[in-house]
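# I would like to see how this sequence folds:
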Amino acid sequence: MVTFLAKGVDDRNIKENYVKERVKRFLNAVGAWQFWPVQTGTGAQGIPDCIFCWNGIFGSIETKRPGRRGQKNGGCTQLQVLQGELITQAKGLWFVVDGPAPLNELRIILNERLAGGALTGSPIREEEIVKLCTGYWKSYCRST
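Sure, this is the predicted structure:
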């Protein structure tokens, strides 16, 4: 079993792209369809970084550099929060991910939705998150 620490080492120099790359790896590993819209300034604002679908479950992920989730609105702008509220009102998932702990929370919620509905598929094992505990994220994960 792995414990996901609330705080890692000095993470001020870790960029949001590092988190995005780990989220992409996780979604690829579990076989989720994913779309990462590129904001050009002409479309809707506040759209999450990632839109995904896994076993009939629609979700979205806003990625932030490590430590941002502890800030006001999880480090999100008012428009990002508004879009997140609209997604959850439509029964979709909206998550702010800044490290492996929130990604593990997402895994647990996906598994609960899978178990509680008429959906089919295999649960996502914790090992899929543990595989991401390399490099910088290793400081967030501790075997217990």
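
# residue most distant from the centroid, this protein?
Most distant residue from the mean C-alpha position of the chain: Thr42, 25.4 Å away (CA atoms, centre = their mean).

# tell me the secondary structure for that one?
Following DSSP: H, G, I helix; E, B strand; the rest coil, we place Thr42 in the coil state.

# do you know how far Arg125 is from Leu27?
15 Å (CB to CB, to the nearest Å). C-beta: built from backbone N, CA, C; applies to glycine.

# so between these two, which is more surrounded?
Leu27 (22 against 13; other CB atoms under 10 Å).

# does that one touch Phe52 like I think?
Yes - at 5.6 Å, Leu27 counts as touching Phe52 under the criterion of CB atoms under 8 Å.

# touching both of these two, which residues are there?
Gln34 (CB atoms under 8 Å, 6 or more residues apart in numbering).

# name the residues that touch the top strand by length along the chain?
Longest strand in the chain by number of residues (criterion: DSSP state E): strand 57-63. Residues outside strand 57-63 that contact it (CB under 8 Å, 6+ apart) are 16, 19-20, 23, 48-53, 74, 76, 80, 83-84, 87, 91-98, 106, 110, 113-114, 119.

# could I have the buried ones of these as PyMOL selection syntax?
Per 16 or more other CB atoms under 10 Å, the buried members of the contacts of strand 57-63 correspond to this PyMOL selection:
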select buried, resi 16+19+20+23+48+49+50+51+52+74+76+80+83+84+87+92+93+94+95+96+97+98+106+110+113+114
